[in-house]
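S.K.: Structure for this input, please:
(one chain, ligands or ions: 3)
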Amino acid sequence: MMQLKSVDLKKTSVDALIIPVCEDKEIHNLRKISSLIKKAKSLNEFEGKKDDLVILYNLPGIKAERVIYLGLGKLEDINIEVLRAFAGKATKESIKKKLSNILIAAPAGQNITRGIKAEPHFIIKALLEGACLGNHIFDKYKEEKKLKPLTGINLLLKHDATDQFKELPAQVEALCSGTILAREWISTPSNDKRPEQFTESIVANAEKVDLKVEVLDETQLKQKKFGAMLAVAKGSESKPSLICLEYSHNDAQETIVLVGKGVTFDSGGINLKPQGALEDMKTDMSGAAVVAATMITIAKLKPKLKVVGVLPVVENMPSGNAARPGDIVKSYSGKTVEIGNTDAEGRLILIDAISYSIEKYKPEIIIDIATLTGACVVALGEKIAGIFASDDELAEKILQSGQDTNERCWRLPLPDDYQKLLKSGFADIHNISDSRWGGAITAALFLKEFTDNKRWAHIDIAGPAYIKKEEAYCGHGGTGFGVRLFCDLLEKL
Ligand code: BES
Ligand code: ZN
Ligand code: ZN
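M.R.: Ligands and ions are numbered 1, 2, ... in the order given. So this is what the prediction gives:
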């Protein structure tokens, strides 16, 4: 669907040629594009200021039906994310105009970036990413599909560049279809992704790309004594499962385990959430969606690693059989946990998944990702994930991947002296803190108790997993935050 093209504009018919225009400098290296920009700038209504837009129809000398000019602002303000957002906007504008194929003039050539401070490889990748992600529409539940995704997205480049970067479109398509798969799972309502259905959907998608799949069902979870996870699942009529997805390269030296929180609906349990906090809790399986989608993506990209995705999947419901506040359960590790609050359920399913994966896969590195705490959203807002890590080098790499993908992360501390806030009078540990403050930190410290001194990081995505207002390359709903981050990180490990 996406291609790099070096074509003669006189002969190429497309619905739209899209040109990013810089306010103060020339960023293109194709003469024809520069002359088309001159034409637009000669009109007083378009200067190339950020988000300026003008459309010219049936221009002489080119076969494109229209040229859409989009302003990028000043050259010094252009970065990779500005380019991703531009391409997303270009796609969205074209979809709104009911177009089906577009050609985007890329401001990059072989070794040439005309002043943009990034390598051509990253410029082209960002444009493809923004365009592909912006082309996703979640309208499964609409009777009338008002908008249709584009069927052709092409980047216009000089011939040398189309050759040099010819691998990129397929790679970016794999990456973006992973992100989109996670978005679709997250946006699906909880009545259509009860644990059995969500498990089935993950397994079906994983088998298509030949991942090794193992699922522990409720009976096996009971046999193996996943006491903390089963306590969360008890209140629901739906049955829990633990899904393990394995990818292994022949040259792999290290094993990395990714654990994702898969609560298909978090009502809070007996500590029922109030109105206002319940409505978006279909997104509480975002961690599992992101890990499953990452596994499916790397099965296509084939990094030289062994990676295992471990997904505890449950529904947290109140009922006559639900776990009660004050209950004490024995976790998979053998440690007992007092459940002070049934709404702190994510950490209960994660610790059993973490202990099991350390025992079974003996990983060098373990990273979990979860919509874990409202406190993390209070601390960092809705766009930035909280990172906690027992290992500085791992934390640095995650932060770097966060910058490179614009899935932004900020490291928060794991202070030893806060651990005592999790003391229980009766059990080995309490699932809630004594203090009402620092909830994201105490949740992470709770997990850390079960990581066996491994190199471990925890990513709290309660904020960025979901957006309510559409953005440049993401619509209302699940964002898939974490898939691009993980895929980038796995390349850096
Ligand atoms: N799933 C929630 C966290 C959450 C909040 C995700 C907002 C997305 C948006 C989690 O299970 C939860 O309820 N956490 C509690 C913990 C508390 C009871 C210690 C919270 O954050 O309030
Ligand atoms: Zn909860
Ligand atoms: Zn939750």
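S.K.: Where does the stretch 101-250 of the chain get nearest to ligand 2, which residue?
M.R.: Of all residues in the stretch 101-250 of the chain, V232 sits closest to ligand 2, at 9.1 Å by CB to the ion. C-beta: built from backbone N, CA, C; applies to glycine.
S.K.: list the contacts for the closest residue to that residue other than its chain neighbours?
M.R.: Counting by CB to CB, 6 or more residues apart in numbering, E345 is the residue found nearest to V232 once chain neighbours are left out, at 4.4 Å. When contacts are counted by CB atoms under 8 Å, 6 or more residues apart in numbering, E345 touches V232, V263, D266, G269, V314, N316.
S.K.: F226 now?
M.R.: Counting by CB under 8 Å, 6+ apart, F226 makes contact with L216, L242, P312, Y332, D352, Y356.
S.K.: rerun that using 10 Å as the cut-off
M.R.: 216, 218, 220, 232-233, 240, 242, 312, 329-332, 348-349, 351-353, 355-356 (CB atoms under 10 Å, 6 or more residues apart in numbering).
S.K.: out of these, which are inside strands?
M.R.: Using DSSP state E, the subset of these located in strands is L216, L242, P312, V329, K330.
S.K.: Out of those, give me the one that has the most neighbours.
M.R.: Neighbour counts for those (other CB atoms under 10 Å) peak at P312, which has 33 neighbours.
S.K.: Isn't that residue up against V259?
M.R.: Yes: P312 is within contact range of V259, at 7.7 Å (criterion: CB atoms under 10 Å).
S.K.: any common contacting residues for those two?
M.R.: G287, A288, I349, L350, I351, D352, A353, I354, Y356.
S.K.: Against ligand 1, which of those residues make the cut? List them.
M.R.: The subset of the shared contacts of P312 and V259 lying close to ligand 1, counting by CB under 6 Å from any ligand atom, is empty.
S.K.: Of these, which is the nearest to D488?
M.R.: Of all those, D488 sits closest to G287, with 17.5 Å by CB to CB.
S.K.: quick one: contacts for the closest one?
M.R.: Going by CB under 10 Å, 6+ apart, G287 touches 182, 258-263, 311-312, 346, 349-350, 368-372, 459-462, 465, 482.
S.K.: Also L445?
M.R.: Listed by CB under 10 Å, 6+ apart, the contact partners of L445 are 347, 388, 413-416, 418-422, 429, 433, 438, 458.
S.K.: For the stretch 101-250 of the chain, which residues score under the pLDDT cut-off?
M.R.: Filtered on pLDDT under 70, the stretch 101-250 of the chain yields no residues whatsoever.
S.K.: check contacts around T264.
M.R.: 185, 188-199, 236, 238, 240, 281-285, 288, 313-316.
S.K.: In ChimeraX, how would I select just the buried ones from those?
M.R.: Buried members of those, defined by 16 or more other CB atoms under 10 Å, are picked up in ChimeraX with:
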select :185,188,190,193,194,195,196,197,198,199,236,238,240,281,282,283,284,285,288,313,314,315,316
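S.K.: Tell me which of the contacts of T264 fall in helices.
M.R.: Residues of the contacts of T264 located in helices (DSSP state H): W185, P195, E196, Q197, F198, T199, A288.
S.K.: ok, for the first one, nearest residue in space, not its chain neighbours?
M.R.: Right, the one you point to is W185. Per CB to CB, 6+ apart, closest to W185 is A289, 4.0 Å.
S.K.: what residues are up against the one you found?
M.R.: Residues near A289 by CB under 10 Å, 6+ apart: 181-188, 193, 198, 201-202, 260-262, 283, 311, 369, 465, 478, 480, 482-483.
S.K.: The ones in helices among the contacts of T264 into TSV, with extra columns for distance to A85?
M.R.: Shown next, in TSV, are the ones in helices among the contacts of T264 (distance: CB to CB, whole Å):
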residue	distance to A85
W185	24
P195	36
E196	39
Q197	34
F198	31
T199	35
A288	28
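S.K.: So for the residue in the chain positioned nearest to ligand 3, what's the pLDDT?
M.R.: Proximity of the chain to ligand 3 (CB to the ion) peaks at D266, 3.7 Å away. pLDDT, D266: 99.
S.K.: okay but G425 is in contact with E338, surely?
M.R.: Yes: in this structure, G425 is within contact of E338 by CB under 10 Å, at 7.9 Å.
S.K.: The two: which is more packed in?
M.R.: Between G425 and E338, E338 has the larger neighbour count (other CB under 10 Å), namely 20 against 6.
S.K.: Quick check: phi and psi at that one.
M.R.: For E338, the backbone dihedrals (degrees, to the nearest 10) come out as phi -90, psi 120.
S.K.: residues contacting it?
M.R.: Shown in contact with E338 (CB under 10 Å, 6+ apart): 325-329, 422-432.
S.K.: Quick check, pLDDT for it.
M.R.: For E338, pLDDT reads 99.
S.K.: residues near K10, how many?
M.R.: Counted with other CB under 10 Å, K10 comes out at 9.
S.K.: same check, this time on G152
M.R.: G152 has 14 neighbouring residues, counting by other CB under 10 Å.
S.K.: That one reaches S100, doesn't it?
M.R.: Yes: applying CB under 10 Å, one finds G152 in contact with S100, separated by 6.7 Å.
S.K.: Which single residue of the stretch 101-250 of the chain approaches ligand 1 most closely?
M.R.: For the stretch 101-250 of the chain, the residue closest to ligand 1 is V232, as judged by CB to the nearest ligand atom, at 9.7 Å.
S.K.: Can you give me the neighbour number for that residue?
M.R.: V232: 30 neighbours (other CB under 10 Å).
S.K.: Would you confirm that it contacts N341?
M.R.: No: contact criterion CB under 10 Å: V232 and N341 do not qualify, at 11.8 Å.
S.K.: circling back: overlap in contacts of G152 and S100?
M.R.: By CB under 10 Å, 6+ apart, G152 and S100 have these common neighbours: V14, D15.
S.K.: show me the contacts for the nearest residue to S435 once chain neighbours are set aside.
M.R.: Spatially, and ignoring its direct neighbours in sequence, S435 is nearest to L421 (5.4 Å; CB to CB, 6+ apart). If you count contacts by CB under 10 Å, 6+ apart, L421 has them with H430, I432, S433, D434, S435, W437, G438, I441, T442, L445, F446.
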